[in-house]
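Visitor: coordinates only, sequence not included:
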Ligand code: ADP
Ligand code: MG
Ligand code: MG
């Protein structure tokens, strides 16, 4: 016998055991512990699932025995027997991972019902219809989940029967009807399996547990994990729980509730329920449920107890809860509680309110906020002055505005949305299988399903606008039409969704820029008080710089100058500079560019109102400013053939010669950054002068200070920095002397090549600051071209989990991170106060920020829209 323990009874668990019991298992155990009524249960651990995966599907030694033991104890406690002919025990077999993945894995209800036990269930409940309803549900779920029978086979048989009986609702079918349906369902299963399906409940239980293990690996769960950065190797726990029945009649019900509104965060009742139904009917959106308030009339006692329990659990977990419940003959049971998925706006409001209510501290409030989610706040909203009439109304299931072309299936959405085309996914109802389409769509519209359906929960978690259960719309997924009244909308037509109001518009509406709300302003201040890392932005024009400052950037960490060379009206001068044959010619061309650069810097300094601005001198290889080799060759050929204008031909040939001369096989490893400046010192000279002139002009005009930091890119050798620093300082001093002025400025370098990190102590002697360029550093350390890799193997690596994350998105702590750490340590060993920052894409990634905080960088710099995220992430990194 192995000593490994794979089973815990309900009473043995608590909230701290979620890694072992999964969120669901730990949640019910905790509720049980604090006296909330939950059905009795035991849980198979995540370890059992992981072991099974490792053994390619074979259960670890001892698991089967332990399951049998767990079942025996459950039977003893409940005084019932699984599939017994007297007092039968029925159970659910529920998935439940450490991180909640709503609806992505499988659950089987009513296991234990069989030809032997169905009569006993009927007799005990005095309700034959109910017993047969449970049985047909079981065959359907078990067949689909465990045996892989296509769901629609059962659905079709059910529809057929309802049609034959002339009824609309499942609940209108009689006991006799359902009994007949059970016969049909069994035939369907047997036919599909090509034999008798197992009818032994104990064997069914084992097969069901196994199927739930496997559902960890199903494609939608995998897609969901990738979208949410959940590790692939955690596995799911399996909860075997005594059934309670919401489908026993009119004093039974099932439902879902949130302790606060997960769209807005308001403290208001939010939930839905269905009388005489089982849980899946609500969460899978099969029947459109009723608002929870109405339960007060229908089941007043259970309602009051539910409200009290909601409050109790929210106080207990100190966070908004998302709960599932069932009422059996008037008695309330809780089936699940978890911290509710919410929009970013709701997250901020809930956190801020909980602080006011004295439930949590400001620091705890910060921990409740997922920094990566905050970019939702920065999405545009519908311009309220549009004056258009909505063509349909549904439930405001997830707020925000979505404009896009209609598509009718998730695959098309995934394909087109994946190419960056804006699409709105329109479905009768969305199921967890649509997840890959939901992820890339701008918004979701459904004809069916409620506010608490899995689709709505997932959409809110991702900040996708969703209008659910829109009335009076007809969707034909085969003919690909959406009909509203006499208006027919086809695939490719544009619609706008207002997920905040639940409205649908038949055209593209104008959007207005996002507004950062009061809750954000309040909570982000708490973050600012806590964090050590500064947050700057990458910006190279007035608009971006202003936006960055508005969003709280404390400076510019990277002002690229190449865009200033690219502008159409400047290219002639830039080309003249490149084509120059002598330094004199080059200087003359640069003199033309200088005033343009100066204007650029002036507007950026003005926007930043005295905050520091790190200007990076010209980085890309010169050929980027010239036409492409192939195109230029073709142009020359064409002109030669036409035999036209001699001067034009001459110029084209000269350009071609220059393109050829500058052509490099590996431009990213070629003459760029300071290497270019070493060959053409006139370029950094001009740039330094433009910076000084701009700073002086702004000082004169605005009277504010200007924080000038000049940064030399792509340094590998101390000698490079030494030489470039000399060029820059000479130019700056010359300008200042001529103007008779003084100006504070610093000269630093990027650390973006492994060699620079390795000799950072030597480099630090010539640098006032370091800025880690983690894009290039990643590219050169791992040896993956950033521009090509994503089209090829890198994407595959991430899909196959050879790499957990794309290293250009989230820093490779183990490898590239080591160089960053070494760079900081070596640099500071020479200059203890050396200022260090990071300016790659990683500067806006919460996981990377946590790492940068741990190595003691002074600041991160990211794109303006990620500044709010970085402020929160930097605070969380400290807590
Ligand atoms: P998911 O993770 O997809 O929400 P669950 O395991 O929560 O799956 O099960 C789905 C639904 O089945 C639940 O919302 C609940 O209503 C119902 N259910 C699960 N277990 C039981 C049970 N023991 N008794 C009654 N209903 C149950
Ligand atoms: Mg659930
Ligand atoms: Mg670089």
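Guide: It's in. None of these values were measured; they are calculated from a predicted model. Residues are numbered from 1 along each chain as shown. Ligands and ions are numbered 1, 2, ... in the order given.

Visitor: Leaving out chain neighbours, which residue sits closest to residue 392?
Guide: Nearest residue to residue 392, sequence neighbours excluded (C-beta to C-beta, 6 or more residues apart in numbering): residue 504, at 4.2 Å. Placement of C-beta: from N, CA and C, glycine included.

Visitor: That neighbour belongs to a strand?
Guide: Yes: remark: residue 504 belongs to a strand, assigned using DSSP: H, G, I helix; E, B strand; the rest coil.

Visitor: what are the bridge partners for it, then?
Guide: When assigned by DSSP bridges, residue 504 has beta-bridge partners residue 392, residue 497.

Visitor: Could I get the contacting residues of it?
Guide: Counting by C-beta atoms under 8 Å, 6 or more residues apart in numbering, residue 504 makes contact with 390-394, 445, 467, 470, 473, 484, 495-498.

Visitor: rerun that using 6 Å as the cut-off
Guide: 390, 391, 392, 467, 497 (C-beta atoms under 6 Å, 6 or more residues apart in numbering).

Visitor: Which residues does whichever strand or helix holds residue 183 contact?
Guide: Assignment of secondary structure by DSSP states H and E places residue 183 within helix 175-193. For helix 175-193, the surrounding residues in contact (C-beta under 6 Å, 6+ apart) are 128-129, 132-133, 135-136, 139, 143, 147, 149, 153-154, 157, 161, 197.

Visitor: closest to residue 307 among those?
Guide: Using C-beta to C-beta, residue 133 comes nearest to residue 307 of these, at 28.8 Å.

Visitor: which SSE is that closest one in?
Guide: Going by DSSP H and E, residue 133 is part of helix 128-145.

Visitor: how far out from the middle of the chain is stretch 20-28?
Guide: 23 Å (C-alpha atoms, centre = their mean, to the nearest Å).

Visitor: circling back to that earlier point, next, format the contacts of residue 504 as CSV and append distance to ligand 3.
Guide: As requested, the contacts of residue 504 are exported to CSV (distance: C-beta to the ion, whole Å):
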residue, distance to ligand 3
390, 48
391, 49
392, 49
467, 44
497, 40
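
Visitor: Dihedrals phi and psi, the residue of the stretch 251-400 of the chain found nearest ligand 1?
Guide: Closest residue of the stretch 251-400 of the chain to ligand 1, C-beta to the nearest ligand atom: residue 279 (1.6 Å). Phi and psi for residue 279, reported as degrees, to the nearest 10, are phi -40, psi -50.

Visitor: List the residues that contact residue 810.
Guide: 845, 847, 848.

Visitor: and of these, the nearest to residue 109?
Guide: residue 847 (37.7 Å).

Visitor: List the residues that contact the closest one.
Guide: Neighbours of residue 847 in contact, by C-beta under 6 Å, 6+ apart: residue 810.

Visitor: host element of it?
Guide: Counting by DSSP H and E, residue 847 is found in helix 846-854.

Visitor: Select the longest helix from the chain.
Guide: helix 583-608 (DSSP state H).

Visitor: which helices and strands does the very next helix or strand once past that helix pack with?
Guide: Following helix 583-608 in sequence order, the next helix or strand is strand 612-616 (DSSP H and E). Under the contact criterion of 3 or more C-beta pairs under 6 Å, 6 or more residues apart in numbering; DSSP states H and E, strand 612-616 touches strand 556-559, strand 707-712.

Visitor: on that earlier part again, any idea which helix or strand comes after the helix holding residue 847?
Guide: Using DSSP H and E, the first helix or strand after helix 846-854 is strand 859-862.

Visitor: before we move on, back to that, among the contacts of helix 175-193, name the buried ones.
Guide: Among those, the ones that count as buried by 16 or more other C-beta atoms under 10 Å are 128-129, 132-133, 135-136, 139, 143, 149, 153-154, 157, 161, 197.

Visitor: now these in TSV, with distance to residue 217 and pLDDT?
Guide: Putting these into TSV (distance: C-beta to C-beta, whole Å; pLDDT from 0 to 100) gives the following:
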residue	distance to residue 217	pLDDT
128	40	94
129	38	93
132	34	96
133	32	93
135	29	96
136	29	94
139	25	96
143	20	95
149	19	93
153	24	94
154	24	94
157	29	94
161	35	94
197	23	78
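
Visitor: one step back: before we move on, what's the pLDDT of the residue of the stretch 251-400 of the chain closest to ligand 1?
Guide: Per-residue pLDDT puts residue 279 at 81.

Visitor: For it, give me its contacts.
Guide: Counting by C-beta under 6 Å, 6+ apart, the residues that residue 279 touches are residue 254.

Visitor: follow-up on the earlier one: reformat the helices and strands packed on strand 612-616 as a markdown table; add mean pLDDT, distance to ligand 1 and mean neighbour count.
Guide: Shown next, in a markdown table, are the helices and strands packed on strand 612-616 (pLDDT from 0 to 100; distance: least, C-beta to the nearest ligand atom, whole Å; neighbours: other C-beta atoms under 10 Å):
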| stretch | mean pLDDT | distance to ligand 1 | mean neighbour count |
| --- | --- | --- | --- |
| strand 556-559 | 96 | 43 | 28 |
| strand 707-712 | 97 | 51 | 24 |
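
Visitor: Identify whichever of these lies nearest to residue 226.
Guide: Of the helices and strands packed on strand 612-616, the one closest to residue 226 (C-beta to C-beta) turns out to be strand 556-559, at 29.2 Å.

Visitor: give me the low-pLDDT residue ranges for this protein?
Guide: By pLDDT under 70, the low-scoring segments of the chain are 1-3, 283-286, 790-791.

Visitor: Residue numbers of it in contact with ligand 3?
Guide: 752, 773, 776 (C-beta under 5 Å from the ion).

Visitor: Inside helices: which ones of these?
Guide: residue 776.

Visitor: Give me the buried subset of the residues of the chain next to ligand 3.
Guide: The buried subset of the residues of the chain next to ligand 3 - by 16+ other C-beta under 10 Å - is 752, 773, 776.

Visitor: leaving aside the residues next to it on the chain, what's closest to residue 695?
Guide: Nearest residue to residue 695 in three dimensions, chain neighbours excluded: residue 706, at 4.4 Å (C-beta to C-beta, 6+ apart).

Visitor: next one: residue 625
Guide: Excluding its sequence neighbours, the residue lying closest to residue 625 (C-beta to C-beta, 6+ apart) is residue 574, at 5.1 Å.

Visitor: so the one you found touches residue 565, yeah?
Guide: Yes: look at residue 574 against residue 565 with C-beta atoms under 6 Å: they come within range, at 5.0 Å.

Visitor: Where does the stretch 151-300 of the chain get nearest to ligand 3, which residue?
Guide: Closest approach between the stretch 151-300 of the chain and ligand 3, counting by C-beta to the ion: residue 229, at 25.7 Å.

Visitor: what's around that residue, how many residues?
Guide: 14 (other C-beta atoms under 10 Å).

Visitor: Secondary structure element holding the closest residue to it other than its chain neighbours?
Guide: Distance criterion C-beta to C-beta, 6+ apart; nearest residue to residue 229, sequence neighbours excluded, is residue 805 at 6.8 Å. Under the criterion DSSP H and E, no helix or strand holds residue 805.

Visitor: Confirm for me that residue 100 is in contact with residue 338.
Guide: Yes: counting by C-beta under 6 Å, residue 100 does reach residue 338; the two are 5.2 Å apart.

Visitor: Between these two, which contacts overlap?
Guide: Residues touching both residue 100 and residue 338 (C-beta under 6 Å, 6+ apart): residue 23.

Visitor: number of nearby residues for the residue of the stretch 351-500 of the chain found nearest ligand 1?
Guide: Nearest to ligand 1 in the stretch 351-500 of the chain, going by C-beta to the nearest ligand atom, is residue 454, at a distance of 6.7 Å. Counted with other C-beta under 10 Å, residues neighbouring residue 454 total 23.
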